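Asks: Show me how the following folds:
(2 chains)
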Amino acid sequence: MSRVLIVEDDASLRSSIRSILERSSYEVRVAGDGAAGAREIASGRFDVVLLDIGLPFVDGWRVLAGLEGRRLPSVIVISARGEEEDKVRALDLGADDYLGEFLRAPRLTVTYTLHAA
Amino acid sequence: MTRGRRSLADLAVWLAAVAAPLVLTAILIPVGGYRRDYIFLYLGIAAILGLLRGLGPVLVSAALSLLVVDYFFVPPVGSFAIADGQDVVNLLAFATTASLVGLLASHRRRALLESEALARQLRDANSEMVRLNAEQAADAQAAVRLARSEQQIRNLVETDRLRRDLLANVSHELRTPLATILAESTDSTGARSAREGQRRLDVIAAEARRLKALVDDMLDMARIEGGGLALHFEPLLLEDVVTAAVDRLHHPSPEREVRWDAGSAAVEVLADWDALGQVFDNLLANADRFGPPGTPISVEVSREEPGLVTVRVTDQGPGVPPELQDRVFDRFVRGAQTGDGAEVGTGLGLPIVKGLVEAHAGTVVLENGSAGAGATFRFTLPEAPKEP
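Replies: Model prediction:
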């Protein structure tokens, strides 16, 4: 069973994505800010991380930078900012994908990323 | 002087050098006799020639004068022989003196020429300096203009950056609830039960309400900042305003206790009913969001400055953390949520409060908001003028 970590500060969005993924039999854990997210990644073994950028305390860029060089977990940046430069920056920092738009089918994206890894 | 004219003048001087002694002799012979004094006249010629042209003509005229005087005036007359030894000395003295005069004169002339050349150089250097100064001044002016437009460019770049940041923040705020709505409504795994389906609908409805609140607040913010607020000021009894606001709070949060003293709130303020109502709504909603369940919100009214009414809204929550204290009236700054149940704010509540209070010529501040001690927001309103 694949493990997914959702790092997202908006509670509603977090629980929506979580329930969608759990319905597809992923094991899901959540974190509400960058510091907690980094801690979870360090201590757990995740296959995929869905990482928001606008996080309190430690933002997503710093979490992403801290994962540099590691092959796992695969990181999908989810961000409602959607600026082109954000996408480039995320991919430059080693993200595996960038979901800027309305998070259509998070389940499919996670599945695809897992199989591609 | 042009080359042509100079050589003409030179020619004239050389001619004079030759002609003058001869002419002088021609004048003196009829006058008669040998006069040793005549020597001085020839010396005079030499001096003049020296001043005019320099050593060359002097020597020529001196030599010529010597010959002429020797032939025509020194005995024996009519020959170049010199009978008297004294005359030899005289002639030699003449030759020496003429040469010296010539030398001195030519030095003087050279010095004059040199100083003229120097003066010319100085003039040229001076006008060059004047030109350079003018250029420098022009450069300095251009540099100042450049610096000013660079500053303008920097200001524009900064304004542009702020605008783009705001746009990114706004779009982020709007898209997040939309993302939830889309995620819940388009997921194809299908609801497994009616309860699950109902849950989805509830989430979608809640997020849609959240979006609406956000859009409403953004429009308010735009009106406040764009100067498009149409406020209608009138004397209002503060007691009425507070009663209505507490009533409105009790719709979503019926158990929240609000402590306030109707007596001290029996003052009249000059305000717009809707705007003041919104100020109270936002502050009460914040206090309700962060105050733990069962703890009261307090509203205190006091008169601390002449002409102003002071209102304090206090909650028993965790207070504002130090790192957020000077940003608490900025857009989209939210505190850490206390528990999942609390509804997320739009992030614009306090900026709107600030904008509206300031539109009433009042001020709003966070008072003793140290972490753990609860938060107090204090704002002032103008007292309604008493009827004369």
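Asks: Tally up the residues packed near the residue in chain A positioned nearest to chain B, please.
Replies: At 3.4 Å from chain B, A:A80 is the closest residue in chain A, using Cβ to the nearest Cβ. (Each C-beta comes from the backbone N, C-alpha and C, glycine too.) By the criterion of other Cβ atoms under 10 Å in any protein chain shown, A:A80 has 24 neighbours.
Asks: Surely it is in contact with B:R175?
Replies: Yes. Under the criterion of Cβ atoms under 8 Å, A:A80 makes contact with B:R175 at 3.4 Å.
Asks: give me the element B:L182 is part of.
Replies: For B:L182, the enclosing helix or strand under DSSP states H and E is helix B:85-186.
Asks: and that helix, anywhere near chain A?
Replies: Yes. Helix B:85-186 lies within reach of chain A by Cβ under 8 Å from any Cβ of the partner chain, at B:168, B:171-180, B:182-184, B:186.
Asks: same for the next helix or strand after that helix, what does it pack against?
Replies: Later in the chain than helix B:85-186, the nearest helix or strand by DSSP H and E is helix B:194-225. On a contact count with 3 or more Cβ pairs under 8 Å, 6 or more residues apart in numbering or on different chains; DSSP states H and E, helix B:194-225 meets helix A:11-23, helix B:85-186, helix B:349-359.
Asks: Distance from helix B:194-225 to the middle of the chain?
Replies: Counting by Cα atoms, centre = their mean, to the nearest Å, helix B:194-225 is centred 47 Å from the centre of its parent chain.
Asks: How about the helix or strand just after it, which residues are buried there?
Replies: Sequence order places strand B:234-237 as the next helix or strand after helix B:194-225, per DSSP H and E. Neighbour counts over strand B:234-237 (16 or more other Cβ atoms under 10 Å in any protein chain shown) mark B:L236 as buried.
Asks: rewinding a little: distance-wise, check the residue of chain A closest to chain B relative to B:V344.
Replies: According to Cβ to Cβ, to the nearest Å, A:A80 stands 14 Å off from B:V344.
Asks: hey, which helix or strand in chain A has the poorest pLDDT?
Replies: When each helix and strand of chain A is scored by mean pLDDT, DSSP states H and E, helix A:106-116 comes last, with a mean of 65.
Asks: who touches B:T176 in this structure?
Replies: Contacts for B:T176 were tallied using Cβ atoms under 8 Å, 6 or more residues apart in numbering or on different chains; they are A:10, A:13, A:80.
Asks: Kindly confirm my reading that the last one is in a strand.
Replies: By that I understand A:A80. No. According to DSSP: H, G, I helix; E, B strand; the rest coil, A:A80 belongs to no strand; its state is coil.
Asks: Against the centre of chain B, work out the most remote residue.
Replies: Residue farthest from the centre of chain B, counting by Cα atoms, centre = their mean, is B:P76 at 96.9 Å.
Asks: Measure how far the strand or helix carrying A:V49 is from the centre of its chain, please.
Replies: Here A:V49, judged by DSSP H and E, is contained in strand A:48-52. Relative to the chain's own centre, strand A:48-52 is displaced by 1 Å; criterion: Cα atoms, centre = their mean.
Asks: residues making contact with the helix or strand following it?
Replies: Following strand A:48-52 in sequence order, the next helix or strand is helix A:60-66 (DSSP H and E). Contact partners of helix A:60-66, identified using Cβ under 8 Å, 6+ apart, comprise A:7, A:34, A:37-38, A:41, A:51-55, A:75, A:77, A:79, A:89-90, A:93-95.
Asks: Swap in 7 Å and give it another go.
Replies: Contact with helix A:60-66 is made by A:7, A:34, A:37-38, A:51-53, A:75, A:77, A:90, A:93-95, as judged by Cβ atoms under 7 Å, 6 or more residues apart in numbering or on different chains.
Asks: Model confidence score at residue 65, please.
Replies: No chain was given, so I picked chain A. The model reports A:A65 with a pLDDT of 88.
Asks: oops, I was thinking of chain B
Replies: 82.
Asks: what helix or strand is it on?
Replies: For B:S65, the host element (DSSP H and E) is helix B:55-72.
Asks: how many other residues sit next to whichever residue of chain B sits closest to chain A?
Replies: Closest approach between chain B and chain A, counting by Cβ to the nearest Cβ: B:R175, at 3.4 Å. Neighbourhood size, B:R175 [other Cβ under 10 Å]: 21.
Asks: one step back: can you flag the buried ones in the contacts of helix A:60-66?
Replies: With neighbours counted by 16+ other Cβ under 10 Å, those contain buried members at A:7, A:34, A:37-38, A:51-53, A:75, A:77, A:90, A:93, A:95.
Asks: In contact with B:D330, which residues?
Replies: By Cβ under 7 Å, 6+ apart, the contact list for B:D330 reads B:P351.
Asks: go on, B:S106?
Replies: Counting by Cβ under 7 Å, 6+ apart, B:S106 has contacts B:50, B:54-55.
Asks: Dead centre of chain A: give me the residue that sits there.
Replies: A:L50 (1.3 Å).
Asks: That one against A:V77, yeah?
Replies: No. Using Cβ atoms under 7 Å, A:L50 is not in contact with A:V77; the gap is 8.2 Å.
Asks: ok so, going back, output the contacts of B:S106 in TSV, with distance to chain A and pLDDT appended to each entry.
Replies: Formatted as TSV, these follow (distance: Cβ to the nearest Cβ, whole Å; pLDDT from 0 to 100):
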residue	distance to chain A	pLDDT
B:G50	89	73
B:G54	84	74
B:L55	87	79
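Asks: Quick check: pLDDT value at B:A287.
Replies: 93.
Asks: partners of the strand holding A:V49, with directions?
Replies: Each strand paired with strand A:48-52, and its direction, by DSSP bridges: strand A:3-7 (parallel), strand A:74-78 (parallel).
Asks: Among the ones you listed, show the one with the smallest mean pLDDT.
Replies: strand A:74-78 (a mean of 86).
Asks: still on that earlier bit, out of the contacts of B:S106, grab the one that's most surrounded.
Replies: Highest neighbour count within these: B:G50, with 28 neighbours (other Cβ under 10 Å).
Asks: ok, that one touching B:R110?
Replies: No. Distance between B:G50 and B:R110: 11.0 Å, which falls outside the contact criterion (Cβ under 7 Å).
Asks: Okay, buried residues for the helix holding B:S65 please.
Replies: For helix B:55-72, burial by neighbour count (16+ other Cβ under 10 Å) applies to B:55-62, B:64-66, B:68-70.
Asks: swap in stretch B:18-28?
Replies: Under 16+ other Cβ under 10 Å, the buried positions of stretch B:18-28 are B:20-21, B:24-25, B:28.
Asks: Run through who's touching it.
Replies: For stretch B:18-28, contacts defined as Cβ under 7 Å, 6+ apart pick out B:38, B:41-42, B:45, B:60-61, B:64-65, B:68, B:72.
Asks: avg pLDDT for stretch B:168-186?
Replies: Stretch B:168-186 carries an average pLDDT of 84.
Asks: give me the low-pLDDT residue ranges for chain B?
Replies: The model of chain B has pLDDT under 70 over residues B:1-4, B:32-36, B:188-191, B:336-343, B:368-372, B:388.
Asks: same deal with chain A?
Replies: Ranges of chain A meeting pLDDT under 70: A:1, A:81-82, A:100-109, A:111-117.
Asks: if we go to 90?
Replies: Residue ranges of chain A with pLDDT under 90: A:1-2, A:9-26, A:32-35, A:41-48, A:52-117.
Asks: what helix or strand is B:T310 on?
Replies: Using DSSP H and E, B:T310 falls within strand B:308-314.
Asks: Report the buried residues of that strand.
Replies: Neighbour-count burial for strand B:308-314 flags B:308-311, B:313-314 (criterion: 16+ other Cβ under 10 Å).
Asks: As JSON lines, the residues you listed with distance to B:E196 would be great.
Replies: Below are the buried residues of strand B:308-314 laid out as JSON lines (distance: Cβ to Cβ, whole Å):
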{"residue": "B:L308", "distance to B:E196": "55"}
{"residue": "B:V309", "distance to B:E196": "52"}
{"residue": "B:T310", "distance to B:E196": "51"}
{"residue": "B:V311", "distance to B:E196": "46"}
{"residue": "B:V313", "distance to B:E196": "40"}
{"residue": "B:T314", "distance to B:E196": "42"}
